[in-house]
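Student: sequence-free structure coming up:
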RNA sequence: GGGGGGAUGCCCGAGUGGCCAAAGGGAGCAGACUGUAAAUCUGUCGGCGCAGCCUACGGAGGUUCAAAUCCUCCUCCCCCCA
């Protein structure tokens, strides 16, 4: 039991109230009743990345220990939406988009969870029919002062950034979800702490025992700075090809290996501690550790064979700086040909390897463009169609194209 | 309802009449180096067949030889008071 508990706490930032979860686990064992572990996700984006899997893995751990994973698709809360930021022009998600996102989300979540044993529900089932008097009851469980205690609200308030009224509704609705599914414990990122705690308040107001809450750190993206997010371009998608996944993980700063091992591999606390100890003592080479990490994660989503293939691909392209095996092929665009000649900058633009003539000139000036392994030095370079046929054009270290 | 502040390049943010395609930082991109696409360093970072030209500092007009900078109106955002 203690061992189980320690594994559950691995990677967690907080489990509140302090001994509540342990008590529940014990009681569950004694009574032979599994705990109901709740995770709510809003299907606001079509793809999920490793950042989303942190909390999914934790939920999976609950499953593996025989508890019930309750996955709430926030198809209603997604529509309430988070109106922060400069979103006035952003079109509201319509029902079809949400449905589509939910579909892909569930499919991708299945790579982490045992979907056969997940209790899958949608919160529109109970939120959509709510009547005004219910909503009013819900809003009366807390106060504006408490809302403003919330870290991000208070920060925004100080910095004179807008806070919309519906944003006040959001934690209440999420809390109502907990009531609806009778959650024993709710999981979430640390950014969800307030919402999770609000769930306790709401449950209490509805005469239920307030849930235990468990928060997981926000995964830092491959840039090592910001949280993993598609908008920052520092994400590793669950559906990324094995080679991409491997390469992206190899690109993380060394300091991120600890969190990644802890949060993304599903390794138990003993294994993680061992790895980190050996890294700290220098008996485990960081390059080796990162390769193992990358392989481990690719294995989780693509299998061992793909992981080996990705590692080999990585060595070939980045270590030996060789050409990759599969180079995209493209016919020489007709639009790049003028009077039978092909001007190099135009070729780069027309093939999508540079975004503008200026960009192309820049790349050439910086020695970043190669044609058949020969560095192009002049932005005035011209070729004939025959000269370029079957040639490999390379921009930077990782963009290749074979002309046909 | 009244008063005040603000809108600058992908993002943050300086700039209050010419020296501004616009400081600085971040991201990105390229180069060097390496254990990797880490770290570090260097360069670059609106467009144009580019030693020149064009378009740009929320929008529309105006003043001026000259405007991101001054004036007018408009749009949006924020704060304070009520």
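Tutor: Okay, I see it. As the structure is a prediction and not an experimental result, all values here were calculated from the model.

Student: low-confidence ranges in the stretch 251-400 of chain A?
Tutor: In the predicted model, the stretch 251-400 of chain A carries pLDDT under 70 at residues A:318-325.

Student: of all residues in it, which one is closest to RNA strand B?
Tutor: Closest approach between the stretch 251-400 of chain A and RNA strand B, counting by CB to the nearest atom of the strand: residue A:396, at 1.8 Å. (Each C-beta comes from the backbone N, C-alpha and C, glycine too.)

Student: can you give me phi and psi for that residue?
Tutor: Main-chain torsions, residue A:396, degrees, to the nearest 10: phi 70, psi -160.

Student: now the one 5 residues further on
Tutor: Dihedral angles of residue A:401 (phi, psi; degrees, to the nearest 10) stand at phi -150, psi 130.

Student: so it is in contact with residue A:390, correct?
Tutor: No. Counting by CB atoms under 8 Å, residue A:390 is not a contact partner of residue A:401; they are 11.6 Å apart.

Student: these two: which has the busier surroundings?
Tutor: Neighbours per residue (other CB atoms under 10 Å) separate residue A:401 from residue A:390, with residue A:401 holding more: 19 against 10.

Student: which residue is the nearest non-sequential neighbour of that one?
Tutor: Of all residues not flanking residue A:401 in the chain, residue A:393 sits nearest, at 4.9 Å (CB to CB, 6 or more residues apart in numbering).

Student: the one you found: what secondary structure?
Tutor: Secondary structure, DSSP: H, G, I helix; E, B strand; the rest coil: residue A:393 is strand.

Student: same question, residue A:402
Tutor: strand.

Student: which ones are touching it?
Tutor: Residue A:402 sits next to A:327-330, A:390-393 when contact means CB atoms under 8 Å, 6 or more residues apart in numbering.

Student: run through the bridge partners of it.
Tutor: Note on residue A:402: beta-bridge partners residue A:329, residue A:392, judged by DSSP bridges.

Student: just to revisit the earlier point, the residue of the stretch 251-400 of chain A closest to RNA strand B - how many residues pack around it?
Tutor: Neighbour count of residue A:396, defined by other CB under 10 Å: 12.

Student: likewise for residue A:303?
Tutor: 12.

Student: show me where chain A has strands.
Tutor: Under the criterion DSSP state E, strands of chain A are mapped to A:14-16, A:36-41, A:68-73, A:118-122, A:185-189, A:212-216, A:329-330, A:337-338, A:341-343, A:369-371, A:374-375, A:382-384, A:392-395, A:399-403.

Student: with distance to residue A:270 as extra columns, can I get these in JSON lines?
Tutor: Formatted as JSON lines, the strands of chain A follow (distance: least, CB to CB, whole Å):
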{"stretch": "strand A:14-16", "distance to residue A:270": "19"}
{"stretch": "strand A:36-41", "distance to residue A:270": "22"}
{"stretch": "strand A:68-73", "distance to residue A:270": "24"}
{"stretch": "strand A:118-122", "distance to residue A:270": "27"}
{"stretch": "strand A:185-189", "distance to residue A:270": "22"}
{"stretch": "strand A:212-216", "distance to residue A:270": "19"}
{"stretch": "strand A:329-330", "distance to residue A:270": "49"}
{"stretch": "strand A:337-338", "distance to residue A:270": "63"}
{"stretch": "strand A:341-343", "distance to residue A:270": "61"}
{"stretch": "strand A:369-371", "distance to residue A:270": "48"}
{"stretch": "strand A:374-375", "distance to residue A:270": "51"}
{"stretch": "strand A:382-384", "distance to residue A:270": "60"}
{"stretch": "strand A:392-395", "distance to residue A:270": "46"}
{"stretch": "strand A:399-403", "distance to residue A:270": "42"}
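
Student: show me what from the stretch 251-400 of chain A comes close to RNA strand B.
Tutor: Near RNA strand B, the residues belonging to the stretch 251-400 of chain A are A:251-254, A:286-287, A:290, A:314, A:317-319, A:338, A:341, A:343, A:345-346, A:349, A:355-359, A:361-363, A:366-368, A:380, A:382, A:395-399 when assessed by CB under 7 Å from any atom of the strand.

Student: hmm, which of those are the buried ones?
Tutor: Neighbour counting over those (16 or more other CB atoms under 10 Å) leaves A:251-252, A:290, A:314, A:317, A:343, A:345-346, A:349, A:361, A:363, A:368, A:395, A:399 as the buried ones.

Student: now for those, which pair is the farthest apart?
Tutor: The span of those, defined through CB to CB, is set by A:290 and A:343 at 41.8 Å.
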